[in-house]
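> this one's sequence-less:
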């Protein structure tokens, strides 16, 4: 029997934090990355809950910075999350379009469905299904049409420029993270007591080090819950 605790908001939040934390503690999280990338998609309910939680968090970050809507899955695809959708989940993704009440969530589902349609080499049968689901929903149908008949409007050009800028910023951030991680490892080698006393903040240990151990502990518990559920 699967542990429903793995579907809790706390568990989902921890799983979303791992891709961000593991860049500076990768040796600790690589084992979990491989396990979670395998077992999360196998539990569809958990996989889908984690996907929509990542959309909600990304949407929250956008809304606090600018008046922009998140209506596609592109902004969360690069983060290395543990959820996964392949062409075999196409019908399930179509159900998101009808199940979700929020229009922007419906549009995210259309974007994801179209991605899976492309991954499956554009079979006509999948496209018919997608058109059928969106046919009676004007705004959703119009959104699908932007994928089927792309036009390079000024807005599209601006968006592509923004995406290019984001890619450059992410590349720079990755370089900074790698540099910081190397510096962190060098500090650990110079002060091995940090490893022997990971939670002793009174000894001057970095708060981020403690957070890394905390997240690792929480992920261990989550992995056990999911493994028991899949066993």
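Great, that's in hand. Values in this document were obtained by computation on a predicted structure and should not be read as measured data. Residues are numbered from 1 along each chain as shown.
> does residue 106 count as helix, strand or coil?
Three-state assignment for residue 106 (DSSP: H, G, I helix; E, B strand; the rest coil): helix.
> change the start of the numbering to 502 and stick with it
Right, with 502 as the first residue, what we last looked at is residue 607.
> could you list every residue that touches it?
Residue 607 sits next to 597, 598, 601, 638, 641 when contact means Cβ atoms under 8 Å, 6 or more residues apart in numbering. Using the backbone N, CA and C atoms, a C-beta is placed for each residue, glycine as well.
> Relative to residue 510, how far out is the closest residue to residue 638 other than its chain neighbours?
Counting by Cβ to Cβ, 6 or more residues apart in numbering, the nearest residue to residue 638 once its immediate chain neighbours are dropped is residue 607, at 7.2 Å. Counting by Cβ to Cβ, to the nearest Å, the separation of residue 607 from residue 510 is 23 Å.
> now residue 664
Residue 664 sits 30 Å away from residue 510, going by Cβ to Cβ.
> and the two? which has more neighbours close in?
residue 664 (12 against 9; other Cβ atoms under 10 Å).
> Looking at residue 729 now. What's its pLDDT?
Listed pLDDT for residue 729 reads 48.
> Also residue 595?
pLDDT, residue 595: 98.
> just checking, it touches residue 614?
Yes - Residue 595 is within contact range of residue 614, at 5.9 Å (criterion: Cβ atoms under 8 Å).
> so what sits against both of the two?
Contacts common to residue 595 and residue 614, judged by Cβ under 8 Å, 6+ apart, are residue 631.
> More neighbours: which of these two?
The residue with more neighbours, out of residue 595 and residue 614, is residue 614; 29 against 21, by other Cβ under 10 Å.
> Surely the more buried one and residue 593 touch.
No - look at residue 614 against residue 593 with Cβ under 8 Å: they stay out of range, at 9.7 Å.
> With adjacent residues omitted, what lies nearest to residue 645?
Leaving aside its sequence neighbours, residue 645 sits nearest to residue 635 (Cβ to Cβ, 6+ apart; 4.9 Å).
> contacting residues for that neighbour?
Residue 635 is in contact with 598, 611, 641, 642, 644, 645, counting by Cβ under 8 Å, 6+ apart.
> between the residues you listed, which has the most around it?
Going by other Cβ under 10 Å, residue 611 tops the contacts of residue 635 with 27 neighbours.
> What strand or helix carries that residue?
Using DSSP states H and E, residue 611 sits within helix 604-620.
> For that helix, buried residues please.
For helix 604-620, a neighbour-count test (16 or more other Cβ atoms under 10 Å) marks 606-618 as buried.
> avg pLDDT for it?
97.
> following that helix, which helix or strand comes up?
Per DSSP H and E, helix 604-620 leads on to helix 625-635 as the next helix or strand towards the C-terminus.
> next helix or strand past that next one?
Heading C-terminal from helix 625-635, the first helix or strand you meet, by DSSP H and E, is helix 639-649.
> What helices and strands are in contact with that following helix?
Using 3 or more Cβ pairs under 8 Å, 6 or more residues apart in numbering; DSSP states H and E as the contact test, the elements touching helix 639-649 are helix 604-620, helix 625-635.
> tilt between the last one and helix 639-649?
Read it as helix 625-635. Following axes from the mean of the first three to the mean of the last three Cα atoms, to 10 degrees, one obtains 150 degrees for the angle between helix 625-635 and helix 639-649.
> May I see the buried residues of helix 625-635?
Buried-residue list, helix 625-635, by 16+ other Cβ under 10 Å: 627, 628, 630, 631, 634, 635.
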